[in-house]
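Peer 1: Fold the following, please.
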Amino acid sequence: MSSLISKYLPWLLVLLLRGGVAAAAAGGKKKVPAIIVFGDSSVDTGNNNFIPTIARSNFWPYGRDFADGLPTGRFSNGRLATDFISEAFGLPRTIPAYLDTNLTIDDLATGVSFASASTGLDNATAGIMSVISIAEQLGYLREYKERLRLSKLGEAGAEEIVGEALYIWSIGTNDFIENYYNLPQRRMQYATAAEYGAYLLGLVEAAVREVHALGGRKMDFTGLTPMGCLPAERLGNRDDPGQCNEEYNAVARSFNGRLRGELVPKLNRELSGLRLVYADTYDLFDAVVRKPVDYGFENAERGCCGTGLFEAGYFCGLGTSMQLCGNANKYVFFDAIHPTERMYSILADTVINTTLHVFL
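Peer 2: Here you go, the predicted model:
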């Protein structure tokens, strides 16, 4: 009996938290009026649809299990973790892409995503696929604040939304697997991945300080997942083909350790009123890919799309002309890099239960 309680108690707590949020929303003003997102494809809800890049997913089979079965620009079969988090906070079920020209002020006021697939903390990473850099995403925040100020919300309304919003960051994987390990420039500057990671942490600090200067106070920086266990990285693992690249995973753990143990406490000490939390997704993701059956999955080594070994983006669209799994809920990954909606839902529930509940 005790094992059953320990297994299901976290999810019961999430349900109770969600119920509490819904009741609070019905009773008055929300503690978090908006969720604002920075990052890469893990949280891009469609911004890359509006820029000239091939790093897109606005075509089938992406979005296959979304509300209307249509692609949105999310690199998954349905919603992302940040969409589930938004709903849990009593906000809309989905977070819109900031570059969508159809958004109204009411849409903007409950949160947006500035994220861009294939980007990174390092501007050089964004340049690989000509996507939106973190500097440009921060520029969008300044523009966003001004748009709110000039709207019916006025100065006071804009300041309240920006000051009380929850800012979520999900970024960093591409800096290592698409930039540092793939291209020579950064390896010539930084002899080890740890040195490059220290450079990235400096960029994290600068970005958080800029959002704080603009009025942001509630922030969550999500750590890296075990990136060596992505299907595409298993395939590319020359030392042990088909297995997780443990070097990459060690890099992720090291980066996360310094982020959580050094940078987050430092920024909380130095920036007035800041409440920055670290969201750990590594341990859960690692547990799922090691024993997927324990979480109701059947496959954690291949994506649902095509062979599931290398297809992502346009290759996923091409690959599905031959093969697409029948039930994505049985898969941890939808393509060779990105999780399924079900995996994103589990990640969201875990982060809410372990970290984000402090903002409820």
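Peer 1: now the strands: where do they sit in the chain?
Peer 2: Assigned by DSSP state E, the strands in the chain fall at 35-39, 111-113, 166-170, 218-222, 275-279, 299-303, 331-333.
Peer 1: Nearest to Arg142 among these would be which one?
Peer 2: Nearest of the strands of the chain to Arg142, taken as Cβ to Cβ: strand 35-39 at 12.1 Å. C-beta: built from backbone N, CA, C; applies to glycine.
Peer 1: dump the residue contacts of Phe75.
Peer 2: Listed by Cβ atoms under 8 Å, 6 or more residues apart in numbering, the contact partners of Phe75 are Ser41, Ser42, Asp44, Ser57, Tyr62, Ala117, Ala312, Gly313, Phe334, Asp335, Ile337, His338.
Peer 1: try Gly317
Peer 2: Per Cβ under 8 Å, 6+ apart, neighbours of Gly317: Phe59, Trp60, Pro61, Tyr62.
Peer 1: so which of those residues is the most crowded?
Peer 2: Among the contacts of Gly317, Tyr62 has the most neighbours (other Cβ atoms under 10 Å), with 27 neighbours.
Peer 1: Helices along the stretch 1-150 of the chain, start to end?
Peer 2: Taking DSSP state H, counting those that start in this stretch as the criterion, the stretch 1-150 of the chain contains helices spanning 2-27, 81-88, 105-109, 123-128, 134-149.
Peer 1: per-stretch mean pLDDT over those helices, give me the minimum one.
Peer 2: Comparing mean pLDDT across the helices of the stretch 1-150 of the chain, the weakest is helix 2-27, with a mean of 46.
Peer 1: and the gap between Ala287 and Asp280?
Peer 2: To Asp280, Ala287 is 12 Å away according to Cβ to Cβ, to the nearest Å.
Peer 1: between those two, who's got more neighbours?
Peer 2: Higher neighbour count among Ala287 and Asp280: Asp280, with 18 against 13, using other Cβ under 10 Å.
Peer 1: And the pLDDT for that one?
Peer 2: At Asp280, the model reports a pLDDT of 98.
Peer 1: which residues touch it?
Peer 2: Contacts of Asp280 by Cβ under 8 Å, 6+ apart are Gly223, Asn256, Arg260, Thr354, Thr355.
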